[in-house]
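# Give me a model of this one.
(chains A, B, C and D)
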Number of protein chains: 2
Amino acid sequence: MELDDTDRAILRILQRDARTPFSEIARQIDMSSATVHDRVGRMEEAGVIEGYHAAVNPKAVGFGTSALVGLTVEQGHEEETLQQLRDLDGVQEVHLTTGEWDVVLRVYAADTDGLRELMFEHIAAMEGFSRSQTMVILGTDYESEELPL
Amino acid sequence: MELDDTDRAILRILQRDARTPFSEIARQIDMSSATVHDRVGRMEEAGVIEGYHAAVNPKAVGFGTSALVGLTVEQGHEEETLQQLRDLDGVQEVHLTTGEWDVVLRVYAADTDGLRELMFEHIAAMEGFSRSQTMVILGTDYESEELPL
DNA sequence: GTTGAAAAAATATTGAG
DNA sequence: CTCAATATTTTTTCAAC
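Next up is the predicted model:
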């Protein structure tokens, strides 16, 4: 799908606040809300907008610890290993990467003890596991939900 | 703020779809929409809900490449380096980590050439830069916007 | 593609249990 | 905290340009 400047302006607003009323978006980009409605619908249809999500404060719901985990996966076990990783509670992202690790995970846990449990009892225990490195996130200096459009 | 099961049920729904009408949430959790309204308001107030964001497909808006970048920062340059990193276009997350790297970034670029430009012309050019490792994300097997509540 | 206006639906507010 | 009723606002639709 081809996006023009108007579409990108709408996306910028909805990335920042998905609950901005169409009438308010219309005011900001100087068009009618029917147009905004139409364009948003087409972008949803085309998969440009993948969804609308509430951002929940991890600490407020008991996830005090987060980490990036680099993993090496043994050959022949790729498929099942990825499947198992996806299904683990606390595993938020599973990326296939170049460089030192085959897979890098973003994981959440209640505390360091929960992280230990996730790492030793679930991840290291998987068939096909070979080695890992855990980079505990001491703090997140910056995290944007918005792509620079 | 203390969250009960009802609050968590509401959060689960809003994480999945931030535009779910309060009446629909009320139906799903078997309560009145005024209650839902009230609880959502209090969770927003308390910072449990940090915001509502449209998830935009990165490829659809021209970001075909993403990477994780491990960085070592020279002592005495921490503050200014973090500030500069935050301000770079394409830098989506800045995490302070234990392990091999002081900082790990999540970056987006149009293509590998854009990534090269970001790395060599902007990041490696910063004062206080010492060394880095770029882990290009070949594919994201799984990425959830939802915390497991 | 866009618009303005009408219809439908959802949300905010209020008062009471 | 919860409910029910009402007022307000937003979303959606549609004929017309």
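
# all strands for chain A, in order.
With DSSP state E, the ranges of strands along chain A come out as A:49-56, A:65-73, A:91-97, A:103-109, A:129-143.

# and DNA strand C, which of those is closest to it?
DNA strand C lies closest to strand A:49-56 among the strands of chain A, at 11.4 Å (CB to the nearest atom of the strand). Every residue, glycine included, has its C-beta placed from N, CA and C.

# Next, see if the closest one gets close to chain B.
Yes. Using CB under 8 Å from any CB of the partner chain, strand A:49-56 comes into contact with chain B via A:49-56.

# average pLDDT for stretch A:129-137?
When pLDDT is averaged along stretch A:129-137, the result is 96.

# circling back: spell out for me the ChimeraX command that would select the buried members of the residues of strand A:49-56 next to chain B.
Listed next is the ChimeraX selection for buried residues among the residues of strand A:49-56 next to chain B, using 16 or more other CB atoms under 10 Å in any protein chain shown:
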select /A:49,51,52,53,54,55,56
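
# could you dump the residues of strand A:49-56 next to chain B to TSV with distance to DNA strand D and pLDDT?
Shown next, in TSV, are those (distance: CB to the nearest atom of the strand, whole Å; pLDDT from 0 to 100):
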residue	distance to DNA strand D	pLDDT
A:49	12	97
A:50	17	96
A:51	14	96
A:52	11	96
A:53	16	96
A:54	15	97
A:55	18	97
A:56	18	97
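
# Could you single out the nearest of the residues of strand A:49-56 next to chain B to residue B:81?
residue A:55 (26.3 Å; CB to CB).

# show me what contacts residue A:135?
By CB atoms under 8 Å, 6 or more residues apart in numbering or on different chains, the residues touching residue A:135 are A:67-70, B:97-101, B:104.

# what about residue A:76, how many neighbours?
Using other CB atoms under 10 Å in any protein chain shown, residue A:76 is surrounded by 9 other residues.

# And it, how far from residue A:84?
Distance of residue A:76 to residue A:84, given as CB to CB, to the nearest Å: 14 Å.

# Could you do residue A:48 as well?
From residue A:48 across to residue A:84, the span is 32 Å (CB to CB).

# In terms of neighbours, single out the busier of these two.
residue A:48 (21 against 18).

# for the more buried one, what are its contacts?
A:1, A:3, A:7, A:11, B:56-57, B:60-61.

# Could you rerun that using 10 Å?
Residue A:48 sits next to A:1, A:3, A:7-8, A:11, A:39-40, A:42, B:54, B:56-57, B:59-61 when contact means CB atoms under 10 Å, 6 or more residues apart in numbering or on different chains.

# Just name the closest of those residues to DNA strand D, please.
residue A:40 (7.4 Å).

# quick one, what contacts the closest one?
The neighbours of residue A:40, taking CB under 10 Å, 6+ apart as the test, are A:7, A:10-11, A:14, A:22, A:25, A:48-49, B:54.

# Residue A:135 pairs with what?
Assessed by DSSP bridges, residue A:135 has beta-bridge partners residue A:68.

# related to what we said a few turns ago, can you lay out the contacts of residue A:40 as JSON lines showing distance to DNA strand C?
JSON lines is the format used below for the contacts of residue A:40 (distance: CB to the nearest atom of the strand, whole Å):
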{"residue": "A:7", "distance to DNA strand C": "9"}
{"residue": "A:10", "distance to DNA strand C": "10"}
{"residue": "A:11", "distance to DNA strand C": "14"}
{"residue": "A:14", "distance to DNA strand C": "16"}
{"residue": "A:22", "distance to DNA strand C": "10"}
{"residue": "A:25", "distance to DNA strand C": "11"}
{"residue": "A:48", "distance to DNA strand C": "13"}
{"residue": "A:49", "distance to DNA strand C": "16"}
{"residue": "B:54", "distance to DNA strand C": "16"}
